[in-house]
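S.K.: Fold the following.
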Amino acid sequence: MVRNVGGLSAHNVRVPHAGALAAANVHVYVEPGVNYSTQKLPGGEEEILFPILVSKQQVTISYLYFPPLTFHSINLPIRSDEGYARTVYVLPTVQPPRWLSVVVFALALIGLATVAYGVFELAMGGWLGGSAVNK
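M.R.: I've put the predicted structure just below:
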């Protein structure tokens with residue numbers, strides 16, 4: 001996935017690959033359908049070129065390849081006219097249902113309130129010798 005997280009547009013975003021994709025039997029799919037081209041570089045590498053990615057635009061590049069190839073043997077650092085991109089690895093995870101998130105948040109708030117009340121009582125002397133009113 002390539003995403004422009006900056007506030008300005010990124011121009012000439014290049015996603016280079018080590019070697020020619022077709023020669024290595026690597027198939028590429030870009031989603032959503034945006035304007036891009038594939039270029040061969042002088043060293044035998046191949047790159048996908050996006051002329052512009054506007055602010056907050058996200059493009060998913062899917063690869064289909066077979067062993068012994070791995071992701072690290074295909075991809076090279078991504079760059080644009082503005083500089084190099086930062087690589088962030090994300091693992092797909094199943095999102096919990098909304099109701100479960102609300103319940104966990106409510107229980108966390110109840111726990112926080114209980115701890116705050118305990119600290120208040122401790123500070124007022126309620127647990128260690130009675131309150132100041134009883135003395």
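S.K.: Please work out which residues outside the strand or helix carrying residue 11 touch it.
M.R.: Here residue 11 is covered by strand 10-17, with elements defined by DSSP states H and E. The contact list for strand 10-17 (CB atoms under 8 Å, 6 or more residues apart in numbering) reads 2, 4, 26, 41, 45-53, 61, 74-82, 85. In this view, the C-beta of every residue, glycine as well, is placed from N, C-alpha and C.
S.K.: go on, stretch 25-33?
M.R.: Applying CB under 8 Å, 6+ apart, the contact partners of stretch 25-33 are 17, 21, 36, 38, 48, 59-66, 69, 74.
S.K.: try it again with 10 Å
M.R.: With CB atoms under 10 Å, 6 or more residues apart in numbering as the test, stretch 25-33 has contacts from 1-2, 15, 17, 19-22, 36, 38, 46, 48, 50, 57-66, 69, 74.
S.K.: Next step: those residues restricted to strands.
M.R.: With DSSP state E as the criterion, strands contain 2, 15, 17, 38, 46, 48, 50, 58-64 from among the contacts of stretch 25-33.
S.K.: Just the closest of those to residue 122, please.
M.R.: residue 58 (49.4 Å; CB to CB).
S.K.: filter the contacts of stretch 25-33 to the buried ones?
M.R.: With burial judged by 16 or more other CB atoms under 10 Å, the buried subset of the contacts of stretch 25-33 is 2, 15, 17, 21, 36, 46, 48, 50, 57, 59, 61, 65, 74.
S.K.: where are the low-confidence patches of this structure?
M.R.: Across the chain, the ranges flagged by pLDDT under 70 are 22, 126-135.
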